[in-house]
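**Q** my questions concern the predicted model and sequence given below.
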Amino acid sequence: MDKNKKLLWQIPFLTLLVIGTILIIRQQQSMPYQKDAGQIFGTLYHVTYQSDQNLKTEIEEELKKVDAAFSMFNPQSTVSQLNRDEQPALNEMFVDVFRQAQTIYQETDGAFDVTVAPLVNAWGFGFKHEQMPTKAQVDSLMQLVGMQYVRLLEKPTGHFTLVKERPVMLDFSAIAKGYGSDVIARLLRQHDIKNFMIEIGGEVVTQGVSEKRVPWKVGVTKPVDDSLAVNTELQTVLNVTDIAMATSGNYRNFYYKGGRKYAHTIDPKTGYPVQHHILSATVLAKDCATADAYATSFMVMGLRRAKKVLARHPELMAYFICSDRQGRNIVWYSPSLKEKIAE
């Protein structure tokens, strides 16, 4: 009898629990998805997120903070001041990204290097298109390239300054867009937003599900010579959620001279454009700054060396599109990525 009475008391509680769960699910399903877009870092951004309030103003405020730290085109940015050998205050954002760049520089044996800008500019990219450099010019510029020549120095006050052993030029463009995506993801999580996709210039962070209540789908563009960025044909589509993704490729930023193709990816170890057969590298990681930096690194390293790095870092997944000896596209991807391939 007591057992039956106890059961009767539990029924109303269980009923309320079921009703409450249904109401929460209905609220989540009826809550709209906001879609914001704009320009930042010289490229476009798109943010889709499920929320009953629009956060575009806050999103752009956060992106402006990243721009103020890392933009090469903003003369007042932290990196621009450092490149003029000034000593601006280094905020937590700058220190975090510099340390991450330093770590990946070490993990990739120098393939990722935020001091490579003088060589990039010399080969005709960046701010100006100069004549191709001579060997003597490359050798001279190589004396100004290397993260081993720059470091953070912590003061007794807890603040940091940047110390240069040589007059290096810093350029965080191969990590800043990914970091910007991470910053927006952090903002959305602070607002307790569960479902979102952030994309800045192709660097993506996702969480939860899309409006269709399925994992977010992100396409990997088929690499064809496309300096005008008009090609939208996809090589594959990935089901991605709760992860970050970045792609680096040579098929949009290149030029021909003397019948030879020169890609925008410069090897910091040699001073010359890479000549291997990777056309694009897509990396999935827990954060987008990491994915962004490793995607660039793998374009420098080539497939064989990239596979060795991936073997040491099982938390990373990669999708490579390469060109074989006959000029046909071939694909290699991490075995752990197979379940994410949608088509």
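**A** That came through fine.

**Q** C-alpha only now, for contacts and for neighbours.
**A** Fine.

**Q** ranges for the strands of this structure?
**A** 33-40, 43-50, 150-154, 160-164, 196-200, 203-207, 216-221, 234-240, 243-249, 254-257, 260-263, 278-285, 317-323, 329-333 (DSSP state E).

**Q** mind showing which ranges of the stretch 201-343 of the chain have poor pLDDT?
**A** 224-232, 250-263, 343 (pLDDT under 70).

**Q** follow-up on the earlier one: nearest to residue 339, out of the strands of the chain?
**A** strand 234-240 (8.4 Å; C-alpha to C-alpha).

**Q** residues contacting stretch 320-337, please?
**A** By C-alpha atoms under 8 Å, 6 or more residues apart in numbering, the residues outside stretch 320-337 that reach it are 223, 277, 278, 279, 280, 281, 282, 303, 317, 318, 319.

**Q** so what's the residue count around the residue lying closest to the last one once chain neighbours are set aside?
**A** Using C-alpha to C-alpha, 6 or more residues apart in numbering and skipping the chain neighbours, the partner closest in space to residue 319 is residue 333 (4.2 Å). Residue 333: 16 surrounding residues under other C-alpha atoms under 10 Å.

**Q** for residue 304, see how far away residue 333 is.
**A** Separation of residue 333 from residue 304 (C-alpha to C-alpha, to the nearest Å): 12 Å.

**Q** kindly report the same for residue 315.
**A** 18 Å.

**Q** number of nearby residues for the nearest residue to residue 234 once chain neighbours are set aside?
**A** Counting by C-alpha to C-alpha, 6+ apart, residue 221 is the residue found nearest to residue 234 once chain neighbours are left out, at 4.3 Å. By the criterion of other C-alpha under 10 Å, residue 221 has 18 neighbours.

**Q** repeat for residue 59
**A** Neighbours of residue 59 using other C-alpha under 10 Å come to 18.

**Q** what's the answer for residue 154, then?
**A** A count of neighbours around residue 154, defined by other C-alpha under 10 Å, yields 11.

**Q** start at 15, not 1
**A** Done: numbering now begins at 15, and the last item shifts to residue 168.

**Q** what's the separation between the nearest residue to it once chain neighbours are set aside and residue 108?
**A** In this structure, residue 168 finds its nearest non-sequential neighbour in residue 174, 4.5 Å apart by C-alpha to C-alpha, 6+ apart. Distance of residue 174 to residue 108, given as C-alpha to C-alpha: 10 Å.

**Q** list residues touching both of these two?
**A** Going by C-alpha under 8 Å, 6+ apart, no residue sits against residue 174 while also sitting against residue 108.

**Q** ok so, going back, most neighbours among the contacts of stretch 334-351, which one is it?
**A** Neighbour max across the contacts of stretch 334-351 (other C-alpha under 10 Å) = residue 295, 28 neighbours.

**Q** who's in contact with that one?
**A** If you count contacts by C-alpha under 8 Å, 6+ apart, residue 295 has them with 261, 262, 263, 309, 310, 312, 313, 332, 333, 334, 335.
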